[in-house]
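**Student:** Sequence and predicted structure are below.
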Amino acid sequence: MKLSIDHVTDFSYDTEVTHSIQYLRLTPQPSAGQRILHWQLDAPGSVYRTRDTYGNVLHVCTVDQPHRGITIRAQGTAEINEDEQPENNDQVPPEVFLRTSPLTETSDAMREFARTFHPAGKGGNASRQQLMELMPALLERIPYRSGMTHAQSSAADAFAQGFGVCQDHSHIFIACCRWLGIPARYVSGYVHAGDDQHIASHAWAEAWIEDAWHSFDVSNGLATTNHHLKLAHGIDYLDASPVRGVRWGGGAENMRTYALVDQMDRRAAQRKEQEQQQEQQQAQQ
């Protein structure tokens with residue numbers, strides 16, 4: 001499957017900003033599951049490319065001139081491998097992702113929930129099948145509903161709230177895995193939901209099982225990522241956030257963002273079908 005992505009983030013401020021820095025994890029990397037055909041990142045000011053602690057491509061965008069707004073755009077095309085193989089070539093030891101964070105700490109209720117799917121509890125050897133059973137149960141316990149949580153909500157907050165979005169589902173799943181002794185990490189990226197165009201900035205989780213990283217998209221109930229394009233991973237949302245920054249001045253901020261994902265194969269097939277229909281109609285005339 002070939003996907004085209006157009007992701008725009010636009011910041012505007014009430015007053016003049018004197019200086020700002022944005023940390024951009026908006027560049028996907030090639031892997032067994034994804035091949036990057038073309039990618040372009042446009043951002044203002046001075047842009048420096050490096051890698052972060054986890055190996056993600058990181059662009060540091062610095063604007064030193066007074067400004068009232070910033071527009072960042074990432075666009076490109078990628079091919080997703082339908083026969084995706086689990087990843088196991090990471091340079092960072094999986095044990096690093098046993099470390100918890102304020103966003104992924106467990107509550108008593110979460111530990112009780114996780115124990116249901118792995119009675120041996122913390123330190124046991126949970127299987128992939130057990131995590132695949134945990135995933136739909138988590139979605140049933142915490143149905144998808146936007147507007148109930150926010151970017152700073154922790155896994156425990158969302159679990160207590162009883163509703164959440166993909167970020168919350170990923171944090172809760174990761175927290176349960178780590179408590180069970182399974183390394184797990186947060187993933188940011190895009191997903192194509194099946195229609196031609198879809199607002200598709202997304203998050204899911206990866207867990208280290210059987211010497212490889214396996215994907216778990218709790219919000220969509222998927223244990224594969226055939227419709228996903230990965231951008232970055234980390235301990236939690238803060239490590240893998242596509243756009244995150246600081247500024248001096250500006251007053252109140254207004255952020256507008258959209259991410260469109262288009263399936264190129266399907267679009268080409270539709271064009272061909274339309275052309276064939278037109279040819280048939282012309283032949284009948």
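**Tutor:** Here it is on my side, so go on. Numbering: from 1, shown residues only.
**Student:** all strands for the protein, in order.
**Tutor:** Counting by DSSP state E, the chain has these strands, from start to end: 2-24, 34-42, 46-51, 57-63, 67-80, 184-191, 197-199, 201-209, 212-216, 228-234, 243-249, 253-263.
**Student:** what would the ones you listed look like in JSON lines with distance to Val165?
**Tutor:** From N, CA and C alone the C-beta is placed, and that goes for glycine too. Putting the strands of the chain into JSON lines (distance: least, Cβ to Cβ, whole Å) gives the following:
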{"stretch": "strand 2-24", "distance to Val165": "18"}
{"stretch": "strand 34-42", "distance to Val165": "23"}
{"stretch": "strand 46-51", "distance to Val165": "28"}
{"stretch": "strand 57-63", "distance to Val165": "25"}
{"stretch": "strand 67-80", "distance to Val165": "21"}
{"stretch": "strand 184-191", "distance to Val165": "13"}
{"stretch": "strand 197-199", "distance to Val165": "12"}
{"stretch": "strand 201-209", "distance to Val165": "8"}
{"stretch": "strand 212-216", "distance to Val165": "16"}
{"stretch": "strand 228-234", "distance to Val165": "16"}
{"stretch": "strand 243-249", "distance to Val165": "17"}
{"stretch": "strand 253-263", "distance to Val165": "14"}
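**Student:** my guess is Gln130 contacts Arg115, does it?
**Tutor:** No. Using Cβ atoms under 8 Å as the test, Gln130 is too far from Arg115 to be in contact (11.3 Å).
**Student:** Show me which residues of stretch 56-74 are buried.
**Tutor:** Asn56, Val57, Leu58, His59, Val60, Cys61, Val63, His67, Ile70, Ile72, Ala74 (16 or more other Cβ atoms under 10 Å).
**Student:** Actually, stretch 177-190.
**Tutor:** Neighbour count says stretch 177-190 has 177-180, 182-190 buried, by 16+ other Cβ under 10 Å.
**Student:** Among those residues, which one lies nearest to Thr149?
**Tutor:** Nearest to Thr149 among the buried residues of stretch 177-190, counting by Cβ to Cβ, is Tyr186 at 15.0 Å.
**Student:** beta partners of the closest one?
**Tutor:** Beta bridges link Tyr186 to Ala205, Gly234 when assigned by DSSP bridges.
**Student:** most centrally placed residue in this structure?
**Tutor:** Ser188 (2.0 Å; Cα atoms, centre = their mean).
**Student:** what about that residue, distance to Asp42?
**Tutor:** As judged by Cβ to Cβ, to the nearest Å, Ser188 and Asp42 stand 19 Å apart.
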